[in-house]
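Trainee: what would the 3D arrangement of this be:
(2 chains)
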Amino acid sequence: DQQVKQNSPSLSVQEGRISILNCDYTNSMFDYFLWYKKYPAEGPTFLISISSIKDKNEDGRFTVFLNKSAKHLSLHIVPSQPGDSAVYFCAAALTQGGSEKLVFGKGTKLTVNP
Amino acid sequence: DTGVSQDPRHKITKRGQNVTFRCDPISEHNRLYWYRQTLGQGPEFLTYFQNEAQLEKSRLLSDRFSAERPKGSFSTLEIQRTEQGDSAMYLCASSRGTGEGYTFGSGTRLTVV
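Mentor: Below is the predicted model of the structure:
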């Protein structure tokens, strides 16, 4: 049972345009959501997060939107840059008994073309 | 802050051998996690420590796997009698539990031949 789904395995955009990465989840008990970026042969790097009580969080070129009724979140990157090319993982956090267990999607490979 | 360190970066072992990986978390982080990532998948939770106490284990962690964090600082993950299905990237992460996710290390890539 995959609780966090990223249905697009890949996305290609032109430099300077907007990249929109999508994520759906099934468990309404998730406390907050995160996006991680991963380059080959490296561990995931934290990008941005959003609490389940908010609907938008912005950090520079990165904005995450949360639609709780649809159990959907998205990451917008504007403007996209070639250095943004990486695999992006959506993750959802369950905080129970002090643990912050993350449930990850399968990732979306973003390619930003110069 | 030197980040989360994992050693070794790569390990190739023969089926049936035992392997041990080490993780050094960020020093002020009291929470430490192990995840496993296979090709085409996102990281999957294996186990969690708060200080030296192992508080949660995934059902993915069979009895061939054991993890320790003896003094609440570094942690080790041991796999006994390795199988080809154990081939994966093993990721360690640490956090302060502030609700901002956590910091991952670069991982140990295990290949069982």
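
Trainee: which strand residues bridge the nearest residue in space to residue A:65 that is not next to it in sequence?
Mentor: Distances taken as C-beta to C-beta, 6 or more residues apart in numbering or on different chains place residue A:74 nearest to residue A:65, at 5.1 Å, with adjacent residues excluded. In this view, the C-beta of every residue, glycine as well, is placed from N, C-alpha and C. Beta bridges link residue A:74 to residue A:22, residue A:65, judged by DSSP bridges.

Trainee: ok now do the residue nearest to residue B:85 when sequence neighbours are not counted, which residues does it touch?
Mentor: Among residues not flanking residue B:85 along the chain, residue B:112 sits closest, at 7.9 Å (C-beta to C-beta, 6+ apart). By C-beta atoms under 8 Å, 6 or more residues apart in numbering or on different chains, the contact list for residue B:112 reads B:13, B:14, B:15, B:82, B:83, B:84, B:85, B:86, B:87.

Trainee: okay, residue B:112 and residue A:84: tell me how far apart.
Mentor: 34 Å (C-beta to C-beta, to the nearest Å).

Trainee: what bridges to the residue of chain A found nearest chain B?
Mentor: Relative to chain B, the nearest point of chain A is residue A:104 (3.0 Å; C-beta to the nearest C-beta). Listed beta-bridge partners, residue A:104: residue A:91 (assigned using DSSP bridges).

Trainee: so how many other residues sit close to it?
Mentor: 24 (other C-beta atoms under 10 Å in any protein chain shown).

Trainee: and it, what pLDDT?
Mentor: Per-residue confidence at residue A:104 stands at 96 (pLDDT).

Trainee: where does the chain dip in pLDDT?
Mentor: Assuming you mean chain A. Along chain A, segments meeting pLDDT under 70 span A:1, A:97-98.

Trainee: not what I meant, chain B
Mentor: Using pLDDT under 70, chain B drops low at B:1, B:98-100.

Trainee: for it, what spans make up the strands?
Mentor: Counting by DSSP state E, the segments of chain B that form strands are B:5-7, B:10-13, B:19-24, B:31-37, B:44-50, B:53-57, B:65-68, B:75-79, B:88-95, B:103-104, B:108-112.

Trainee: which residue does chain B have closest to chain A?
Mentor: Counting by C-beta to the nearest C-beta, chain B gets nearest chain A through residue B:42, at 3.0 Å.

Trainee: for the residue of chain A closest to chain B, what are its contacts?
Mentor: Per C-beta under 8 Å, 6+ apart, neighbours of residue A:104: A:4, A:36, A:89, A:90, A:91, B:42, B:43, B:44.

Trainee: tell me the one of these nearest residue A:59?
Mentor: residue A:36 (13.7 Å; C-beta to C-beta).

Trainee: which residue, other than its chain neighbours, is closest to the closest one?
Mentor: Distances taken as C-beta to C-beta, 6+ apart place residue A:44 nearest to residue A:36, at 3.7 Å, with adjacent residues excluded.

Trainee: what number of residues lie near that neighbour?
Mentor: Quick note: residue A:44 (other C-beta under 10 Å) scores 32 neighbours.

Trainee: that one contacts residue A:37, correct?
Mentor: Yes: at 6.9 Å, residue A:44 counts as touching residue A:37 under the criterion of C-beta atoms under 8 Å.

Trainee: would you mind listing what in chain B touches chain A?
Mentor: B:4, B:6, B:31, B:33, B:35, B:40-45, B:48, B:50, B:55-56, B:91, B:93, B:95, B:97, B:99-107, B:109 (C-beta under 8 Å from any C-beta of the partner chain).
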